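1. Only the shape, not the letters, is given here:
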């Protein structure tokens, strides 16, 4: 069959490895008729996992053997040096070699970033990869980057994140001029740190649709398509949101479990609550894009279940269809040139 | 009457001024028989506002005239220089003069910080004030600081925040050794920026009950009493939480409004939903402490309503009863000495 989108999965990565990646692969194959998946990892273990799901290999589901696994707490340096045949590395090699169009891994972020950068290299004009994810918002969604790949980002890095995020939003959401906001604090004098102020000056002169500073609540409530921030801030904000959402879900559940009457009310409200839970389910947003590389790499949450990991596979598919790295490459040169002239 | 706790209110501050501060004062007086309030601001306007609420001055409700108001977008420098008779400044003067035991303002954070610092001065051993608030968590609450008073905090500043936050938690929650965590990202190699790593080293040697790094979700889910971070990160996290909570509330409300059946379900679930809303209502947590000063100043959210502003008055009362600045002063010297010896 022609025109399949081929995605390599780091089948051994993440907190749960094959227990999650194999059923997720099957879910993704069922959901998308136009993808082929390559399970990268230990052959015997993959066959065992497939057997558990009463599945065998097929034209759309292949194996690529890799003898090692990157541990979840392994340092990027160690992964690069000692794990040259890891499932993570081999999956990314497949992208480099053009055998796969994208790689998806739930393995540790530091090792994945370092490996992807080492194997695929950066696009010209981009210094460092950034992690970008989609978050739900009151009237749609918001792209946010960086989410932890870079700490102590310079103004120049924040500027590059903005360029990449804008291009991603254009590609994914089919909008012409995504609204780009720079995450900052307060409407008052005590406003921003040095890097943010300097990035603001760069962005104000850029050809992007830069709408200025946004605050932490605008990610979910505001009229902004792309929110740009340092990785430290972005990662805290992301985890923080997960924490609030989990707390709220727990308190709501406890509220309905208090006594017989509230349990009855909960039963009656169940369809509404289920629909609501689906709307804010972080699993539906699982899959962060590593932007700035010469190839597509999607990072799944380490603790993802098969529903969430299948979602990350879906994101990789969309980026292949939309040719995200090629689009970023094409635009970045023009945008960087425009900045120099400005 | 003896032993009243006297609180000066910046009656003109905030987005809504007297519309909020006067009814909030009345609510607080009704809730706490042991407080006296001093409304600081324009005499005629205050009398008008009191008349609207069919109230007059009393032994427990006095006026202190101030002829100016600090604008919500006024710079700290301008407030210090040009607004020496502002309601904000005069309220803080009352604390300095020992006429009031605490001041509460919904005025702009920058000006409030600068004025409080200028008038009251810092406690010895503390370089800069920090803003600390209480956030709901799954099994109680968490104190978090700094929330925007300081950006680009050094390791030394983060260390001082930890000392002050720990002492506040001891006083407010009556616990002996509050668990103090340092906000950071990831369990992996790409871990923390330079200041956080250096602060970690300082805290590990301190006599505090330092439990190490915590992440963004631990604020709401974790077993930690005090979360310490730079003001930029803290402010983003706080606003971010507000955004998530508002988005969730809106989606839930919309879910119940979809059709006749869901509306009926909503009616039946109403007692549970109301109770839940009260649990996570950010207004219940309104009132942030400015720590490190030689006096008590509580900052209310600028957009607070009278319920929320009354809550901030309640927080000022608690800090008076618990003698928070005196406690911080007493402990800080010992703790700083212990650090030097270590």
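-> Received it, and whenever you're ready, just let me know what you need. Keep in mind that this is a model prediction, so the values were computed, not measured.

2. all contacts plus neighbour counts: C-alpha atoms, from now on.
-> OK.

3. Contact partners for the residue sitting nearest the centre point of chain A?
-> Centroid-nearest residue in chain A, with Cα atoms, centre = their mean: residue A:288, separated by 0.3 Å. Shown in contact with residue A:288 (Cα atoms under 8 Å, 6 or more residues apart in numbering or on different chains): A:131, A:132, A:133, A:134, A:298, A:299, A:300, A:312.

4. Okay, and the second one sits in which element?
-> Secondary structure here is read from DSSP states H and E; on that basis residue A:132 sits in strand A:130-137.

5. mind checking how far the residue nearest to the centre of chain A is from residue B:215?
-> Separation of residue A:288 from residue B:215 (Cα to Cα, to the nearest Å): 19 Å.

6. Please apply the same query to residue A:290.
-> For residue A:290 relative to residue B:215 (Cα to Cα), the value is 22 Å.

7. Check residue A:145 too.
-> 18 Å.

8. element containing the residue nearest to residue A:213 when sequence neighbours are not counted, please.
-> Nearest in space to residue A:213, with sequence neighbours left out and distances taken as Cα to Cα, 6 or more residues apart in numbering or on different chains, is residue A:182 at 4.7 Å. Assigned by DSSP H and E, residue A:182 belongs to strand A:180-183.

9. which residues sit against that strand?
-> For strand A:180-183, the surrounding residues in contact (Cα under 8 Å, 6+ apart) are A:162, A:166, A:196, A:200, A:208-216, A:224-229, B:236.

10. Quick one: name whatever helix or strand follows it.
-> For strand A:180-183, the succeeding helix or strand toward the C-terminus, using DSSP H and E, is helix A:194-204.

11. Can you point out the buried residues in the longest helix along chain A?
-> Selection of the longest helix in chain A by residue count, based on DSSP state H, yields helix A:231-256. The neighbour-count check on helix A:231-256 (16 or more other Cα atoms under 10 Å in any protein chain shown) flags A:231-249, A:251-253, A:255-256 as buried.

12. ditto for stretch A:21-33
-> Those would be A:21, A:22, A:23, A:24, A:25, A:26, A:27, A:28, A:29, for stretch A:21-33 by 16+ other Cα under 10 Å.

13. same question, stretch A:84-100
-> Buried, per 16+ other Cα under 10 Å, within stretch A:84-100: A:84-96, A:100.

14. just curious, which of the residues you listed is nearest to residue B:63?
-> Proximity of the buried residues of stretch A:84-100 to residue B:63 (Cα to Cα) peaks at residue A:88, which lies at 69.4 Å.

15. What strand or helix carries the closest one?
-> Residue A:88 is located in helix A:87-96, with elements delineated by DSSP H and E.

16. Report the mean per-residue pLDDT for the strand holding residue A:182.
-> For strand A:180-183, the mean per-residue pLDDT is 95.

17. Give me the sheet partners of that strand and which way each runs.
-> Looking at strand A:180-183 with DSSP bridges, its partner strands are strand A:210-214 (parallel), strand A:226-228 (parallel).

18. from those strands, which stretch is densest packed?
-> For these, average neighbour numbers computed from mean count of other Cα atoms under 10 Å in any protein chain shown are highest in strand A:226-228, which has a mean of 29.

19. mind checking how far residue A:182 is from residue A:128?
-> 18 Å.

20. who's more crowded, these two?
-> residue A:182 (25 against 20; other Cα atoms under 10 Å in any protein chain shown).

21. quick one: the more buried one and chain B, what's the gap?
-> 12 Å (Cα to the nearest Cα, to the nearest Å).

22. What of residue A:303?
-> Computed as Cα to the nearest Cα, the residue A:303 to chain B distance reads 13 Å.

23. Looking at residue A:145 and residue B:215, which is more packed in?
-> Taking other Cα under 10 Å, residue A:145 and residue B:215 do not tie; residue A:145 has more neighbours (31 against 23).

24. Report the contact partners of the closest residue to the more buried one other than its chain neighbours.
-> Closest residue to residue A:145 apart from its sequence neighbours, by Cα to Cα, 6+ apart: residue A:132 at 4.4 Å. Counting by Cα under 8 Å, 6+ apart, residue A:132 touches A:143, A:144, A:145, A:146, A:147, A:165, A:288, A:289, A:290, A:291.

25. element containing the second one, please.
-> Spelled out, that is residue A:144. If you go by DSSP H and E, residue A:144 is part of strand A:140-145.

26. For that strand, name the packing helices and strands.
-> Under the contact criterion of 3 or more Cα pairs under 8 Å, 6 or more residues apart in numbering or on different chains; DSSP states H and E, strand A:140-145 touches strand A:130-137, helix A:155-173, helix A:218-221, strand A:226-228, helix A:231-256.

27. mind checking how far the closest residue to residue A:329 other than its chain neighbours is from residue A:326?
-> Distance criterion Cα to Cα, 6+ apart; nearest residue to residue A:329, sequence neighbours excluded, is residue A:123 at 6.3 Å. To residue A:326, residue A:123 is 9 Å away according to Cα to Cα.

28. Which of these two has more residues huddled nearby?
-> residue A:123 (22 against 16).

29. On the pLDDT front, check the more buried one for me.
-> 94.

30. ok, the residue nearest to residue A:272 when sequence neighbours are not counted - contacts?
-> Of all residues not flanking residue A:272 in the chain, residue B:255 sits nearest, at 5.8 Å (Cα to Cα, 6+ apart). Going by Cα under 8 Å, 6+ apart, residue B:255 touches A:272, A:273, A:275, A:276, B:262.

31. Go through the helix or strand containing residue A:320 and flag the buried ones.
-> Per DSSP H and E, residue A:320 falls inside helix A:306-321. Neighbour counts using 16+ other Cα under 10 Å place A:306-317, A:319-320 of helix A:306-321 among the buried residues.

32. Quick check: which ranges of the stretch 1-150 of chain A have low pLDDT?
-> Within the stretch 1-150 of chain A, the ranges that satisfy pLDDT under 70 run A:1-3.

33. Do a quick rundown of the strands in it.
-> In the stretch 1-150 of chain A, the segments counted as strands under DSSP state E, counting those that start in this stretch are A:5-10, A:35-41, A:61-65, A:102-105, A:130-137, A:140-145.

34. Mean neighbour count, these: which tops it?
-> strand A:102-105 (a mean of 30).

35. Check whether that one comes near chain B.
-> No: using Cα under 8 Å from any Cα of the partner chain, strand A:102-105 never reaches chain B; the gap is at least 15.3 Å.

36. Residue A:149: what's it in contact with?
-> By Cα under 8 Å, 6+ apart, residue A:149 lies in contact with A:109, A:110, A:113, A:129, A:130, A:131, A:231, B:190.

37. can you check residue A:310 too?
-> Contacts of residue A:310 (Cα under 8 Å, 6+ apart): A:24, A:25, A:27, A:28.

38. picking up where we left off before, what is the subsequent helix or strand relative to the helix holding residue A:320?
-> Counting by DSSP H and E, the element after helix A:306-321 in chain order, helix or strand, is helix A:324-341.

39. In that next one, which residues are buried?
-> Neighbour counts over helix A:324-341 (16+ other Cα under 10 Å) mark A:324, A:325, A:326, A:328, A:329, A:332, A:335, A:336 as buried.

40. For chain B, see how far away the first one is.
-> Put plainly, it is residue A:324. 26 Å.

41. And that residue, how close does it get to residue A:159?
-> 18 Å.

42. before we move on, what about residue A:136?
-> For residue A:136, the distance to residue A:159 - Cα to Cα - is 24 Å.

43. Kindly report the same for residue A:200.
-> According to Cα to Cα, residue A:200 stands 8 Å off from residue A:159.

44. Check residue A:185 too.
-> From residue A:185 to residue A:159 the distance is 18 Å (Cα to Cα).

45. The helix holding residue A:88 relative to strand A:35-41, how many degrees between them?
-> Orientation check (axes from the mean of the first three to the mean of the last three Cα atoms, to 10 degrees): helix A:87-96 against strand A:35-41 gives 140 degrees.
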